[in-house]
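Novice: quick one: sequence plus predicted model below, questions after.
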Amino acid sequence: MANPSGGVSGKGPITHVIFDMDGLLLDTEKFYTEVQEIILARYNKTFDWSLKAKMMGKKAIEAARVFVEETGISDSLTAEDFLVEREEMLQKLFPTSKLMPGVSRFIRHLHAKGIPICVATGSHRRHFELKTQRHGEVFSLMHHVVLGDDPEVKQGKPSPEIFLTAAKRFVGAPVDPRKCLVFEDAPSGVLAAKNAGMFVVMVPDPRLDKSFHDAADQVLSSLLDFSPNDWGLPPFEDAAA
Ligand SMILES: O=P(O)(O)OC[C@@H](O)CO
Ligand SMILES: [Mg+2]
């Protein structure tokens, strides 16, 4: 329940915001799904959302291990070979990435109001560059970006490492994790944020099992539905009060 003086259920107010990237800022999760469906079809297997839920948000090699092990193809295809195989297809798709609905308006709003914002993504540098090449303007508003291959991030989500590293890099750090709000689409990312002691708004794909919503502090069907006031953040000026 929203509390007008602070956050949801009286939590907050929030001073810093951390964004996941794939599936939250960018519509890139569909590319992974497409490529993984193609690879699995060769083994006469189908890719489903219970497997997707276990892979999304993780570092590439961690997700690849889940993929070959859970589908039972690890004797024929190693996690490393799977990554090589999907790479060519992904490299063609990533530059066509689009912003998710509401992203541009929300990022510009937070930046204009002086709320420090950053990105914490499981994606490594090379993929980050391909995915964001058409979105430089929006990403330039981020105070910093923490990538999956950052030397300080040894373990991917659901480890809290990436979000704690992101919080440490804001000006005036350390930032109290309870004043940080994370936006995530993936179950592993929601858990990582909670493991870091932060608040998390989940914007899940509707095909994801609803049981994964339970760990989040708030669940939205789109960033367009986010109300900054729920978290003690400055309200949109173009919205009705
Ligand atoms: O952490 P995000 O930005 O979702 O990236 C993970 C990605 O490599 C695919 O799931
Ligand atoms: Mg994500």
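Specialist: That came through, no problem. Ligands and ions are numbered 1, 2, ... in the order given.
Novice: pretty sure Lys98 contacts Asp27?
Specialist: Yes - using Cβ atoms under 8 Å, Lys98 is in contact with Asp27, at 4.9 Å. Bear in mind the C-beta positions are built from the backbone N, C-alpha and C, glycine included.
Novice: need the residues of this protein near ligand 2, please.
Specialist: For the chain, the residues in contact with ligand 2 (Cβ under 5 Å from the ion) are Asp20, Asp22, Gly23, Gly57, Asp185, Ala186.
Novice: repeat the analysis, applying 8 Å as the threshold.
Specialist: Applying Cβ under 8 Å from the ion, we find that the chain lies next to ligand 2 at 20-24, 29, 56-57, 121-122, 184-186, 189.
Novice: interface residues of this structure facing ligand 1?
Specialist: For the chain, the contact set with ligand 1 under Cβ under 6 Å from any ligand atom comprises 20-23, 32, 56-57, 60, 121-123, 186, 189.
Novice: now render the residues you listed as a markdown table, adding pLDDT.
Specialist: Formatted as a markdown table, the residues of the chain next to ligand 1 follow (pLDDT from 0 to 100):
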| residue | pLDDT |
| --- | --- |
| Asp20 | 98 |
| Met21 | 98 |
| Asp22 | 98 |
| Gly23 | 98 |
| Tyr32 | 97 |
| Met56 | 97 |
| Gly57 | 94 |
| Ala60 | 93 |
| Thr121 | 98 |
| Gly122 | 96 |
| Ser123 | 96 |
| Ala186 | 98 |
| Gly189 | 98 |
